[in-house]
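1. here is my input; please provide its structure:
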Amino acid sequence: MITVALDLSCTICGHSRFTLPVGQDDGDSVHCANCTAYKCKAMDLERALMATLPPSMPAVPASSGAAQAVPA
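-> Next up is the predicted model:
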């Protein structure tokens, strides 16, 4: 798991840091890093973030293993 700050907030405690799965053993859920409340599935978060990319910024497929660009 990796802990990152996102432009989202936890509906339980209001924090904006979340744990994201990075390995096969990490599962597929995103949780609040503060209170561990479930936020969403990792693929749903990825789809939502990819939908916010400007047209000039190409998306990198998740299966490529490369880092993905996320707008600030």
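2. in the protein, where is pLDDT below threshold?
-> Residue ranges of the chain with pLDDT under 70: 57-72.
3. how about the strands in it?
-> Using DSSP state E, the strands of the chain run over 2-5, 17-20, 29-32, 38-41.
4. can you tell me what sits against the third one?
-> Put plainly, it is strand 29-32. Strand 29-32 is contacted by residues 10, 12-13, 15, 17-21, 37-42, 45 when judged by CB atoms under 8 Å, 6 or more residues apart in numbering. All C-beta atoms are positioned from the backbone trio N, CA, C, and that covers glycine.
5. mind redoing it with 6 Å?
-> 10, 15, 18-20, 38-40, 42, 45 (CB atoms under 6 Å, 6 or more residues apart in numbering).
6. TSV for the strands of the chain, including distance to M50?
-> Formatted as TSV, these follow (distance: least, CB to CB, whole Å):
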stretch	distance to M50
strand 2-5	16
strand 17-20	15
strand 29-32	15
strand 38-41	14
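7. distance of the spatially most central residue of the chain from T19?
-> Computing the C-alpha centroid of the chain and ranking residues by CA atoms, centre = their mean puts L45 first, at 5.1 Å. Distance, L45 to T19, using CB to CB, to the nearest Å: 12 Å.
8. all helices of this protein, in order?
-> Using DSSP state H, the helices of the chain run over 42-51.
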